[in-house]
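>>> based on what follows, work out the 3D shape:
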Amino acid sequence: MLHEINFTLLLPGSLAKMSNQYGEFFHLTWKENQKTKTRYIRLDEVRRVRQGIKAYQKAKSTIEEAAKKNLKKLLKDRKSK
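Numbering: from 1, shown residues only. I've put the predicted structure just below:
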C-alpha cells in the first residue's frame, strides 16, 4: 500500500481556483503549526500540485486504515488473554 505512494510528491492542503479582474489563478491552502498558510500556485504547477494533494490524501487514508486495523487487533488480542 504505502510502497505505491510517491512520497516526493505529497502535498497537504487544498487547491482553490480564484479570479479577479486580471483573470484566474490558484491558491494552495494548508495548516502549519495551527496556522493557515496560503500560497499562490503558478498555472504550470497546478497539475503537479493536484497530484500531490491526491497522493497525500491517499497516504493519509492508508495510514489511518492501517492504524484502525492495528487498534482493533490489539483490543481483540487483549480480550482473548
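>>> please count neighbours and contacts with C-alpha atoms only from this point.
Will do.
>>> quick one: end-to-end distance for stretch 8-15.
Using C-alpha to C-alpha, to the nearest Å, the span of stretch 8-15 from its first residue to its last is 18 Å.
>>> so for it, what's the average pLDDT?
Stretch 8-15 carries an average pLDDT of 93.
>>> any weak-confidence spans in the chain?
The chain contains residues with pLDDT under 70 at 1-3, 81.
>>> which strands or helices does the helix or strand encompassing residue 58 pack on?
In this structure, residue 58 is located in helix 46-79 according to DSSP states H and E. Using 3 or more C-alpha pairs under 8 Å, 6 or more residues apart in numbering; DSSP states H and E, the elements in contact with helix 46-79 are strand 14-20.
>>> sheet partners, orientation included, of the strand it packs on?
Strand 14-20 has its sheet partners listed here by DSSP bridges as strand 23-32 (antiparallel).
>>> ok, so what distance separates the residue nearest in space to the middle of the chain from residue 9?
By C-alpha atoms, centre = their mean, the chain has its centre lying nearest to residue 56, at 3.1 Å. Using C-alpha to C-alpha, residue 56 is found at 8 Å from residue 9.
>>> and what of residue 53?
Shown here: residue 53 relative to residue 9, a distance of 8 Å by C-alpha to C-alpha.
>>> and for residue 34, the neighbour number?
Using other C-alpha atoms under 10 Å, residue 34 is surrounded by 7 other residues.
>>> let me fix that, I meant to ask about residue 45.
When neighbours are counted by other C-alpha under 10 Å, residue 45 registers 10.
>>> quick revisit: buried ones in the helix holding residue 58?
46, 49, 50, 52, 53, 54, 55, 56, 57, 58, 59 (16 or more other C-alpha atoms under 10 Å).
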